[in-house]
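Q: I'd like to go over a predicted model; first the sequence, then the structure.
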Amino acid sequence: SMTGLRNLTVCVHVSGISTLACVFPTLSLLQYLELNTGMSSNDEIIIICRSLKAWPLPFLLDLDCCQDIGEICCKVLMLPPQSAGWTNAAVLQHFRVKHHKVLAVSA
């Protein structure tokens with residue numbers, strides 16, 4: 001079962017990015033994710049980050065995708081302006097904090 005994975009390195013074709021993004025909510029124990037998509041476009045990174053923002057993985061510490069996701073997703077995902085300079089780990093932490101705030105308000 002993939003639900004117990006803690007580290008995942010994926011080589012995915014561009015057409016598989018959306019499918020991969022849909023799988024993230026099931027990988028609740030994932031701590032490290034490395035994406036090898038060749039030349040990832042900003043659109044592909046945004047698809048991945050939209051999924052991670054909607055369903056932040058509680059233990060995911062870092063995303064290695066050869067690009068800074070804060071710089072790419074700052075405006076599209078309505079991140080704070082300073083996020084353009086954040087590390088990928090800092091963006092993931094921001095997603096978790098925002099998610100916890102939403103859960104606290106809705107409870």
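A: Looks like it came in fine.

Q: the helices in the chain, which residues?
A: Along the chain, the segments classed as helices by DSSP state H run 17-23, 42-54, 69-73, 88-106.

Q: who touches the third one?
A: To tie it back to what came earlier, the one meant is helix 69-73. Residues outside helix 69-73 that contact it (CB atoms under 8 Å, 6 or more residues apart in numbering): 42, 45-46, 48-49, 63, 79, 83-88, 90-91. Backbone N, C-alpha and C define where each C-beta goes, glycine included.

Q: again, but for stretch 83-100
A: 49, 52-53, 56-58, 60-65, 68-71, 73-74, 79-80.

Q: what does stretch 19-29 give?
A: 2-6, 8, 10, 12, 30, 35, 47-48, 50-52, 55, 57-59.

Q: and these, which are buried?
A: Using 16 or more other CB atoms under 10 Å as the burial test, the contacts of stretch 19-29 include 8, 12, 30, 35, 47-48, 51-52, 55, 57 as buried.

Q: distance of residue 104 relative to residue 57?
A: Per CB to CB, to the nearest Å, residue 104 is found 19 Å from residue 57.

Q: list the contacts of residue 34.
A: Residue 34 is in contact with 8-10, 63-65, counting by CB under 8 Å, 6+ apart.

Q: related to what we said a few turns ago, and the contacts of stretch 83-100, which are buried?
A: Here, 16+ other CB under 10 Å leaves 49, 52-53, 56-57, 60, 63, 65, 68-70, 73-74, 79 buried among those.

Q: farthest pair within those?
A: Maximum pairwise distance in the buried ones among the contacts of stretch 83-100, criterion CB to CB, is 20.6 Å, between 57 and 74.

Q: quick one: which of the contacts of stretch 19-29 sit in strands?
A: Secondary structure from DSSP state E places 8, 10, 35 of the contacts of stretch 19-29 in strands.
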